[in-house]
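J.: Got a predicted model here, sequence first, then my questions.
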Amino acid sequence: MKRNIRNIYLLAILLLLLPACSDKVLDKTPLDSYSDPLIWADANLASRYLNGVYEGLPNGNIQRGNHYGTGPFTTEHTYLKGGSLTEYDRAQVSPDVAGTDRGHLNWSRFEFIQRLNYFIANIDKMPDQESARILKGEAIFLRAVYYWELCRVYGGVPLFDQPNKLGDDFSEIGRNTFKETVDFIAKDCDEAAQMLDLKSNTIMGRPNKEAALALKSNLLLFAASDLTADGQAESEYVGYSNPDRNALWTAARNAAKAVMDLGTCELSDFGAPDQAAVAKKYFDFFKAYTLADKEVIWGRMYRIDVGFAMWTNRWCGPNGLNCWGNNDPYGNMVDDYEMEDGSKFFDHFTFNANKEYVNISSIFTNKNIYHNREPRFYASILYDSTLWQKRPADMLTIDPLGIYDRRTRIVKENGVEISKRFGLDTRQGPVSPQNACYTGYLIKKQMDDQCPGVTDRNQNICIWIRYAEILLNYAEASLELGDIPTATQYLNMVRNRAGLPNVTGDIETALRHERNIELAFENKRWFDERRWKTLEANFAQYLYGVDITEVTENGVTTTTWKQAYAAPQKVWHDKLYWFPISRGEMDRAPKLEQNPFYE
Amino acid sequence: MKKIKNYYERNFLELFSKKTIRVMKMTMFLSLLTVFQLMAVESYSQLTKLTLKLENTKIADALREIENQSEFYFLYSPKLIDVEKHVNINADNETIKDILGDIFDGEVKFAAYDRQIILTPNEISSSSLVEVLQQGQVTGKITDAASGEAMPGVNIQVKGTTFGTITDAEGKYSLSVTERNATLVFSFIGYITQEIPLSGRASLDVFLVSEMKGLDEVIVIGYGTQKKVNVIGSVTQITTKDMTVAPVARVSNMLAGRLPGAIFMQGSGNPGDDAATIRIRGNATLGSNSPLIVVDGITDRDINSLNPDDIESISVLKDASAAIYGARAANGVILVTTKRGALNTAPTFTYRYTHGFLSPTKIVEMTDAETYATMIREYQSYKGTPEASMRYSLDDIAKYKSGEYPWTHPNTDWFDAVFKDYSNTQNHSLSINGGSQNVSYFVSYGHQSDDGLYEANSTNYKRHNLKANIDIKINEFLSFALDLTGIQENRNYSTYSGGTYYRPDIEYTLYDLTTRMWPTSPAFWPNGLPGPDFERGSQPVVISSDVPGFDRDKRYYSNNMFSATFKIPWVTGLSLTGQYAYDVYYRRNKYFNRPYFLYYFDKDAYLAAGNTGKEDGSEFLIGSSVGVSEPYLIETSSESHTKTPRIRLDYRNTFAGAHNIDAFVAFEQSEDDWETFTASRRYFLSDQLPYLFAGGDEEKTNGSSVGLDARMNYFGRVSYDYKGTYLLQFSLRRDGSLRFSKESGRWGTFPSVLLGWRMSNEEWWQNSLDFIDFFKLKASWGQMGNDDVSAFQYLTMYRFSTGTPLGTDRTYEAALSPAGTPNPLITWEVANIYNFGWESMFFKKLTFNTDFFYERRNNILVERSASVPVFTGLSLPDENFGIVDSKGFELVLGYNDTRGDFSYSINGNLNFARNKIIEFDEPAQSVEWQVRTGLPQGALLLYKWIGIFDDEDDVNSYPHVSGAEPGDLILEDYNGDEKIDGLDRQLFPLTATPELTFGLNLNLKYRNWEFSTLIQGHGRAWRRLDTNIQRGLAGNYFMRDATDRWTPENTDGSRPRAFNWNDEYWRSDDFVSTYFYDDVSFARVKNLQLSYTIPGNVLKYIRAKDARVYFSGQNLFTLWSAQDFTDPEQAGVSSYPLQRILSLGAQISF
């Protein structure tokens, strides 16, 4: 009996080894996330939701993780270090071949549109209606941004103003027309502008009223341009059928005017006419860490320690600093910068039969092709002999100052080569020569000369839109409507601010030139060249860089600048005005129609 | 001729006895036993009628004849009973009582105990029989040495006589002997027969040890064991003896080729990071195919950190036998069981030491400086690069070729510079096991140490294992077990040599980098200083050392289990077990970077000084600090806990001597939680204190992550057999998981049925097919699940994600991003697995086993990404759809024989598994040859490389990608539409998981020598080996791309022209072709061992029980490989090479 009692006792202990056998163990919620109802009850949490949507936003020229931007699709800058072309430049893009995403392959950004539609559908639940207004305005604005990014790459796309649901039938959904898409975005811009506060009343970095209106300006300028509105569009997905050109340009001009009429934006003062001051301030303008400048309408800020930040300096810096030397401006781009008096570079230089630059000027007689150029040249281009960042210790004996060095120095005596020395940043230099560029130039604009690219990420801002572009938009729309005086006035505002004299000659050419220079490397050029339908001509150009040789013979030094091979010839095809929708997506959605010239 | 006594009949007797006598004292029991047995005789002896006609026959022969005709057997002493007398018998359908009465004519008394009949002389009165027996009596108890349980039904016989008895329900026996020096023979099926001389003793307790061999082997089958003869699932098992022969650190690398149906793929040899990927019967689902790992009954314990010497056995459950693991069983289950001590065995101390030498099996061949420079020139000339812009001049090439200009034109073999000839691996293992009457134990310590291959001694792996399995028997009803495991693993890497990179800018492995380094750049300058980097400090000879910092990873495992078993005394065969396991895992990682120096050469100044490249250039070297600008530290620590309580009720019994039942029901739940903490610091004052506190305040980061999981399971199993001939097993499991919603999907039910027929037990078989000693047919069906997807996909959740700085002071605000579109209906994958096969043995030497299986996996959990357009913006959750079928077979053929001192065995296995997508999320528009449905999952959609364009005419004569030039790959225009586009891609069914695997094991034993070897291989597997396309200007070429490449002079070369990175269409992601894929089938000598056992007389001298020395080798030779680019098992050129291990070892036991 005693044993039986003990056994029962032990049995009880065994049963106690088990915690209560209830479903409670399984009735748990995740420890690392917030639930749906919680988000809509708290403006703070809801705004954090929108922060997540910023992740999909472009980061300017140096796009996201793909970091190269659309510049290589034009003669703006090279693909990698030059020497080769992208699939796009080789006309190889097809529904199967998207090529590397340079920030333009936005189709997957529909994810953020869905997130925003979910947000817009729920934000009205928020008890704090004032916060809800601004948050909703932000969301609608961001939706417009994402659709705009899609629209300018693919044309008309499927439009959604409600969230999609798992299990819905999507098989009947096709593309909306280009016109519907533009109208949809424009409407979103208007609504957002209604709800958002002015930049001065908005937390820096969050969308504002000016941004909503500026987006509309860019959108309508694009829509009114030749690519989509010259009546030649191959389908209604990539342009207007029977466009009322005048109405389109008027709308574009009014949109730009709406931003100007707010009176809250102004061009930053770079100290013109002091060209040296302009060169410095124009560079510093893009090197800023905040969006405080009144010219900046909207953009993104970064921090070195937390969050996403780009390796701009590493990707685009010189090989001699152990950086990667990508995205190098072509000689074609560099030679597009005017002289300090606003005259064309090729008014003063030409190529001889040996493809060497020869000075033919009576005004600027220095043989050095980099002398007497306009201020923005010095702010935007890293060319041979530019003072840049200090070298690492080992290079200090060779280069104590930190000069971008692309020269080959040859010493000769009586015609016999005694020694030859390649510059530190050349493709024959001692440090990472494989990362040296073919063109001889690197981008300087948007780089940060204080940031050691080898170890640190960049903190300088990425400007999404700035006031100068709006003024150029206004000038262009005015010009297209025949209002040459207004066009000239605003074009000159931008030129004068950069320390250049008023424009002369063909106003359209001058305006297009000004956009290329003022907005260089800001991920605008490819869209402009397409908009103007000038891309085919752009592709036809011979792509070149520069080789610089300094020969010292018997104590006399001669330097020559010579056109150099930079990349193979581009291959044009009419399909290249639009990107194709991938075969995978076409397969998923049978009602989608492909862009012209892609099967 | 002695009668075989039926084991089951004895059990029946015990069952009956147990019920009657459970609380009686021993003396009472003995007397009552007699009564009972006298009663029992009535039943059989009255029922059994015999017909016997014998003339002038010896009584002994007559009794034997009766034994033959009936189930009776006689116990008597020929000294007391005269059995030599001749008698006549004429019995016609008479009872035994009558017959015996006739034979002995009243001179002899007989007493029947069921079928046992004891004959005694008449002068001893039957009433005093008990006392008579006690006079010359031996008593004792027989116990199972392993479990300590009493063994009923053990046969005890006096050697040389037919006199004997069997043990009772409590394992006790009492036997009358005539000689005090007689020898008793103790025997029981499945146990080693013992012969013990009495030497005058009146009491003798014996422990029987089970004989784990051949068909009597016991197999671990999940929540229990089963005798191999009775196993009807597809279960394969390997025991410790076969595993420890491999001199490798990780259990998963010992098993390849040894466990039919399980595939082990070791892709890397990096110390500490070299575990094999395990698949059972291939890939059966589109989702996760990882099998469930169970160590000592607890799921998800790490198999690779175990000390192989602690392992008793590893079982693989491949079919319905896995269904007892319910919702996690569909991908198969691997059960690891560690060693335990046995009660009443003398303590044994065993020590083993192995020292091995590691060297890469194969290193990918790269081009030398001359070839490389030539190819770069070719590439640049194809691009139209003018001579002045060429990277290498013709003069340069001549200088590389001459090798006379080490300062300006070095020719570097980077692998030679980075890798040692060999490195070391060591293993110490010591254990003590044994047991007293009530406590048995297995205690061990193991130490493993593996060095990296790098010249710089920065990379190594060390492991310490401590194990104690203790079983305590309190009394015959209650016993406890305590399993304690402590493991520490240290992985020391350089900042680049580990598997995990924390720094976002590290984009390649060290191995990868070594393949990329230019042969034209020196590893070391002739004066011994390290040469330049590839970029940003990446110079493999330096970064493989701990000069640039270190990556130290410490992992601690504490796995503990406490169990108590209570035999419920009032119901025979019923026992209750409670278990509680508590596992803690802690990991700490310190990743420290600091600047270091490399030396650049001012070549221009050197040449300008009149040097040619041959003269010393030391004074022109420029030292530069590279890597990080200042020290940088990341520390990570993570901790997880797993609690697993379980309670189970077991019932095991035999009815009517023929119906064996082994059943249990159980409840189990498990709760996991984990938390990780990360912090980083920069701006250290110096690199002397690599701790968080010594870092600066600027840019410091701190972060954490957290998670949980829980499961609740009810399950049970019934195994039944009739006389071991007809076998049936049924199991049912009900599982609940927190991964799925309460409303739908949380609970699932998983049944299984297994049937077996041991045909060789049938009389007709034994009569006509007796050369087949053993034949068992088996068939099974089971339904099981797979829940290996992320939890809470049914909820709308928002997680912290990368945010953005906002406001004038750039305050960072983290973001909340939706964790995906919720799927409220999410639930398990369901697998229905059918298995059919047989096990057989011929002529006691040849084994032939087969399994054929078919599996249909339903409700597969994958994203519906092929039919939901991207434009919907839905981030897709896993959904239950899709069906995959898989089928295959396993064949095992073995032969063993002994010729005198020489014995040998040869065992081969051949396994095949192929899957096929039956239903799949696939758009209807795809052209028919791109339809994946009907093909194996993971089939590769590739262009087919059909040759090289010889010349311009060739390019123009066949459709090509725009821009194609002579020397480029010809991609097949599959649909013949005269252009190369996505529709020309074809599906290629093979993947990196082989469809075919095989192993061949040979063992030879001669006297003290033993030799064994394992040949192992894969077939029908494909893999992309060239994983890093950064070749050309961005990295060295592989020799195979250099040899017989197309050049304008060699237009019919077999490899394409010199290229750069992905400049050429055929190197870009858009035109991936079969060019990049290789057949990775192979057969290799995986393991070979030669051992010598020290002879007994020597052992005696040193008082050792056992000692041996051995040589062992792993990955010795590749007998055949479909490609010779890399080691056939290596995951690709970026992976650390697999190791060939040559080792010597010794083992001694006291």
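T.: Yes, it's here.

J.: low-confidence ranges in chain B?
T.: Where chain B drops to pLDDT under 70, the residues are B:1-46, B:112-114, B:123-135, B:146-148, B:189-190, B:210-216, B:242-245, B:499-507, B:925-926.

J.: Hmm, residue A:277 is touching residue A:268, no?
T.: No. Contact between residue A:277 and residue A:268 fails when scored by CB atoms under 8 Å: they sit 12.0 Å apart. Yep, even glycine has a C-beta here, placed from its N, CA and C like the rest.

J.: Same drill for those two, tell me which one is more crowded.
T.: Between residue A:277 and residue A:268, residue A:268 has the larger neighbour count (other CB atoms under 10 Å in any protein chain shown), namely 18 against 15.

J.: how about the nearest residue to the more buried one, chain neighbours excluded?
T.: residue A:295 (4.2 Å; CB to CB, 6 or more residues apart in numbering or on different chains).

J.: Give me the distance between that neighbour and residue A:494.
T.: 11 Å (CB to CB, to the nearest Å).

J.: Need the overlap of contacts for these two.
T.: A:267, A:468 (CB atoms under 8 Å, 6 or more residues apart in numbering or on different chains).

J.: quick one: the helices in the stretch 551-700 of chain B?
T.: B:603-608 (DSSP state H, counting those that start in this stretch).

J.: what about residue A:295 and residue A:494, which has more around it?
T.: Between residue A:295 and residue A:494, counting by other CB under 10 Å, residue A:494 is the more crowded of the two (23 against 20).

J.: tell me the contacts of that one?
T.: Here residue A:494 is in contact with A:267, A:468, A:471-472, A:475, A:514, A:518 (CB under 8 Å, 6+ apart).

J.: ok, those residues vs chain B, which is closest?
T.: residue A:267 (21.2 Å; CB to the nearest CB).

J.: isn't that closest one right next to residue A:469, touching?
T.: No. Residue A:267 is not in contact with residue A:469 according to CB under 8 Å; the separation is 10.9 Å.

J.: Quick check: the residue in the stretch 1-150 of chain A that chain B sits nearest to vs residue A:124, distance?
T.: Residue nearest to chain B within the stretch 1-150 of chain A: residue A:114 (2.5 Å; CB to the nearest CB). Distance of residue A:114 to residue A:124, given as CB to CB: 18 Å.

J.: When the two are compared, which one has more neighbours?
T.: Neighbour count, other CB under 10 Å: between residue A:114 and residue A:124, residue A:114 has more, with 23 against 10.

J.: what's the closest non-adjacent residue to that one?
T.: residue B:873 (2.5 Å).

J.: Now do the contacts for that neighbour.
T.: A:110-115, A:117, A:160, A:164.

J.: quick revisit: who are the contact partners of the residue nearest to residue A:268?
T.: A:265-268, A:285, A:466-468.

J.: and what of residue B:915?
T.: Counted by CB under 8 Å, 6+ apart, residue B:915 has contacts B:282-284, B:884-886, B:936-937.

J.: ok, now residue A:45?
T.: Residue A:45 touches A:34, A:38-39, B:798, B:816, counting by CB under 8 Å, 6+ apart.

J.: how many other residues sit next to residue B:677?
T.: Around residue B:677 there are 15 residues (other CB under 10 Å).

J.: so it bridges to which residues?
T.: Note on residue B:677: beta-bridge partners by DSSP bridges are residue B:637, residue B:704.

J.: How about the one 4 residues further on?
T.: Taking DSSP bridges, one obtains residue B:633 as the residues bridged to residue B:681.

J.: Check residue B:143 too.
T.: According to DSSP bridges, beta-bridge pairing links residue B:143 with residue B:150, residue B:207.

J.: now it: how far from chain A?
T.: 20 Å (CB to the nearest CB, to the nearest Å).

J.: my read: that residue touches residue B:150, true?
T.: Yes. At 5.8 Å, residue B:143 counts as touching residue B:150 under the criterion of CB under 8 Å.

J.: Pick out whichever of those two has more residues nearby.
T.: Taking other CB under 10 Å, residue B:143 and residue B:150 do not tie; residue B:143 has more neighbours (21 against 17).

J.: Identify the residues contacting the more buried one.
T.: Here residue B:143 is in contact with B:149-151, B:171, B:205-208, B:343-344 (CB under 8 Å, 6+ apart).

J.: From those residues, list the buried ones, please.
T.: B:150-151, B:171, B:206-208, B:343-344 (16 or more other CB atoms under 10 Å in any protein chain shown).

J.: tell me which element the residue nearest to residue A:266 when sequence neighbours are not counted is part of?
T.: Distances taken as CB to CB, 6+ apart place residue A:294 nearest to residue A:266, at 4.8 Å, with adjacent residues excluded. For residue A:294, there is no helix or strand it lies in under DSSP states H and E.
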